[in-house]
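>>> Show me how the following folds:
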Amino acid sequence: MSWSPFLAAIVALALAIWAACYLLGSPLDGAETVVVVGLSAVLVFGVRALLRRLRKAPAPAVPEARSQAPSKGRPKSRKQPPR
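So this is what the prediction gives:
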């Protein structure tokens, strides 16, 4: 996993917020810039975690529903456990 895309997203978001504050007439000092970068990092990694969670395939609600489907061809033999 490369950290470059996440670092670029954090820097771009922080720079956009900093520029917006500057253009609105309220430039950020050093401490406020650190807070903006930290909040940008939390936002980027939060979105990443949310996307990871949404990409996971949901488990079937009723596992027996798949076994009731009509089978095609010869039924599979079930192996008996060793005695």
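>>> make it CA atoms for all contacts and neighbour counts henceforth
Will do.
>>> Return, as residue ranges, the portions of this protein with sub-threshold pLDDT.
1, 57-77 (pLDDT under 70).
>>> change it to 90
Scanning the chain for pLDDT under 90 picks out 1-3, 51-83.
>>> packing partners for the helix ranked longest in it?
Looking across the chain with DSSP state H, the single longest helix is helix 30-55. On a contact count with 3 or more C-alpha pairs under 8 Å, 6 or more residues apart in numbering; DSSP states H and E, helix 30-55 meets helix 4-23.
>>> Quick check: phi and psi on Ser26?
phi -130, psi 70 (degrees, to the nearest 10).
>>> quick one: the closest residue to Ser40 other than its chain neighbours and Ala20, what's the gap?
Distances taken as C-alpha to C-alpha, 6 or more residues apart in numbering put Ile10 closest to Ser40, at 5.5 Å, once the chain neighbours are dropped. Going from Ile10 to Ala20 by C-alpha to C-alpha, to the nearest Å gives 15 Å.
>>> can you check Leu51 too?
27 Å.
>>> Run a quick neighbour tally on Leu28.
16 (other C-alpha atoms under 10 Å).
>>> contacting residues around it?
18, 21-22 (C-alpha atoms under 8 Å, 6 or more residues apart in numbering).
>>> Report the separation between it and Ala9.
As judged by C-alpha to C-alpha, Leu28 and Ala9 stand 20 Å apart.
>>> any idea which element Gly25 lies in?
Following DSSP states H and E, there is no helix or strand that holds Gly25.
>>> Count the neighbours of it for me.
By other C-alpha under 10 Å, neighbour count at Gly25 equals 9.
>>> Check Ala31 too.
For Ala31, using other C-alpha under 10 Å, the count is 8.
>>> and if you look at the one 3 residues further on?
Val34 has 13 neighbours, counted by other C-alpha under 10 Å.
>>> One more: the one 10 residues further on?
By the measure other C-alpha under 10 Å, the count of residues near Val44 is 17.
>>> Kindly report the same for Leu51.
11.
>>> follow-up on the earlier one: okay, buried residues for the longest helix of the chain please.
Neighbour-count burial for helix 30-55, counted by 16 or more other C-alpha atoms under 10 Å, picks out 33, 36-37, 40-41, 44.
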